[in-house]
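Visitor: Sequence first, then the predicted structure:
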Amino acid sequence: MGNGYRLEDLLPVIEEKLKSGGLFEININGTSMLPLLVEKRDTVILGPFDGRIKKYDIPLYRRKNGAFVLHRAVKVYENTFCACGDNQWVVEKDIEYGQIIGVVRAVVRKGKKIPVSSFGYGLYCRLWELLRPVRKYIVKIRGKLKR
């Protein structure tokens, strides 16, 4: 993530932009959000965190070890949430709202902007979450087919 820069270096700029109600577009690094988001091809448009996460939101948050993560919220509680990357099957638990930097408002996939409020995006989220119990096998099969 980060338009050729380290996200760590961009963080003050991102936080300032979001704090003023603006949006910030960042590149994707890593494979944890495949098949939706592809590294070096796709970007996400972050908006400010309004104090509440909903199921299927994609927050950008910082783990306690300092790592930046962009994963989908799969369970939401009053002060914490659980998240999982689309290309993963193990759920990360007890993420605190205070760790959130911003929340994805749109994905830019293959150059096409897709608002997270769109019907097709919502359908994708629900279907992909239903497949989480078998996602491990889908990922393994897809990897073998690519080789």
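Guide: Yes, it's here.

Visitor: partners of the longest strand seen in the chain in the sheet?
Guide: Longest among the strand segments of the chain by residue count, using DSSP state E, is strand 100-109. Using DSSP bridges, strand 100-109 pairs in its sheet with strand 43-47 (antiparallel), strand 59-62 (antiparallel), strand 112-115 (antiparallel).

Visitor: Helices along this protein, start to end?
Guide: Under the criterion DSSP state H, the chain carries helices at the ranges 7-19, 119-130, 135-146.

Visitor: low-scoring pLDDT stretches of this structure, where are they?
Guide: 1-5 (pLDDT under 70).

Visitor: Quick check: closest non-adjacent residue to R63.
Guide: Residue nearest to R63 in three dimensions, not counting chain neighbours: V69, with 6.0 Å by Cβ to Cβ, 6 or more residues apart in numbering. For glycine as for every other residue, the C-beta is placed from the backbone atoms N, C-alpha and C.

Visitor: and the helices of the chain as a markdown table, adding mean neighbour count and distance to L36?
Guide: Shown next, in a markdown table, are those (neighbours: other Cβ atoms under 10 Å; distance: least, Cβ to Cβ, whole Å):
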| stretch | mean neighbour count | distance to L36 |
| --- | --- | --- |
| helix 7-19 | 14 | 19 |
| helix 119-130 | 13 | 7 |
| helix 135-146 | 11 | 13 |
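
Visitor: Which one, of the ones you listed, ends up nearest to Y56?
Guide: The minimum distance between Y56 and these falls on helix 119-130, with 4.2 Å, by Cβ to Cβ.

Visitor: tell me the angle the closest one makes with strand 100-109.
Guide: Here helix 119-130 runs at an angle of 110 degrees relative to strand 100-109 (axes from the mean of the first three to the mean of the last three Cα atoms, to 10 degrees).

Visitor: Span of stretch 44-52 from start to end?
Guide: This stretch, stretch 44-52, spans 19 Å end to end (Cα to Cα, to the nearest Å).

Visitor: Excluding its own residues, what touches it? List them.
Guide: Here stretch 44-52 makes contact (Cβ atoms under 8 Å, 6 or more residues apart in numbering) with 14, 18-19, 21-26, 28, 37, 58-60, 70, 97, 100-108, 113.
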